[in-house]
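In: any chance you can model this:
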Amino acid sequence: MPGWFDLYDWPIGVGGKDDVAGLTAAVGTAVNEAVEKLEREEGIKRDRIVVGGFSQGGAVALLSAYSHVGATADSGGEDGGASVAFAGCVNLSGWVTLPKQLQKTSTPLFWGHGRFDDKVLFEQQAYGVKRLKDELGVEVESESYDVAHGSIPAEIRDMATFLDRILFQTTDSGAESGDTETV
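Out: This next block holds a predicted model:
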């Protein structure tokens, strides 16, 4: 089955082995290059972009938002100084990978997960939220749903409410925020 990176454990529980090379390539090639293209060609700044995904895509989004793995100087990575936060991160049924690489940013997070998930075990949500919220101070909106490894309309509504809040909150003048893009 095609994926963002190799999986060594199934189902995916807390403490599983991570594919460092595959994760680094996914974040660097897929995410950071897309973000840099949006910045360069569309003029959309990183702090107006939301990264997100489902399952492996959620894991890649988390790593993109809360680490410098795969970063380039243009993306504010290790050689580029302080990281510029994304407007937000959405993780649906994903998990934290490379936990020792996590770094604090001001990027808010929506994490939705199925209570009956038998692929990415439900324990991943509690573990990931604790790491990000308690250890790094990330603003986390965490919701669980009566579903297995999938999504339901309630989760999509909750995610949309989160996106609406972070992207279209009004400014002091009462005008809506500027251009945004979700990758």
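
In: look up how far Asp164 lies from the nearest residue in space to Ala148 that is not next to it in sequence.
Out: Leaving aside its chain neighbours, Ala148 sits nearest to Phe116 (4.6 Å; criterion: C-beta to C-beta, 6 or more residues apart in numbering). C-beta coordinates here come from the backbone N, C-alpha and C atoms, glycine included. Using C-beta to C-beta, to the nearest Å, Phe116 is found at 28 Å from Asp164.

In: quick one, phi psi at Val90?
Out: Dihedral pair for Val90: phi -120, psi 130, per degrees, to the nearest 10.

In: so Arg118 makes contact with Pro11?
Out: No Arg there; residue 118 is Asp. Yes - applying C-beta atoms under 8 Å as the test, Asp118 and Pro11 come out as touching, 5.8 Å apart.

In: which element is the nearest residue to Val96 once chain neighbours are set aside on?
Out: Using C-beta to C-beta, 6+ apart and skipping residues adjacent in sequence, the residue nearest Val96 is Gly128, 4.2 Å away. Taking DSSP states H and E as the definition, Gly128 sits inside helix 123-129.

In: now that helix: buried residues?
Out: 124-125, 127-129 (16 or more other C-beta atoms under 10 Å).

In: and Gly28, how far from Phe54?
Out: 20 Å.

In: which residues does Gly52 bridge with?
Out: The partner list for Gly52 in beta bridges (DSSP bridges) reads Val90.

In: tell me how many other residues crowd it.
Out: Gly52 has 25 neighbours, counted by other C-beta atoms under 10 Å.

In: do the one 5 residues further on as well
Out: For Gly57, the count of nearby residues is 21 (other C-beta under 10 Å).

In: quick one, what contacts it?
Out: The contact partners of Gly57, by C-beta atoms under 8 Å, 6 or more residues apart in numbering, come to 4, 94.
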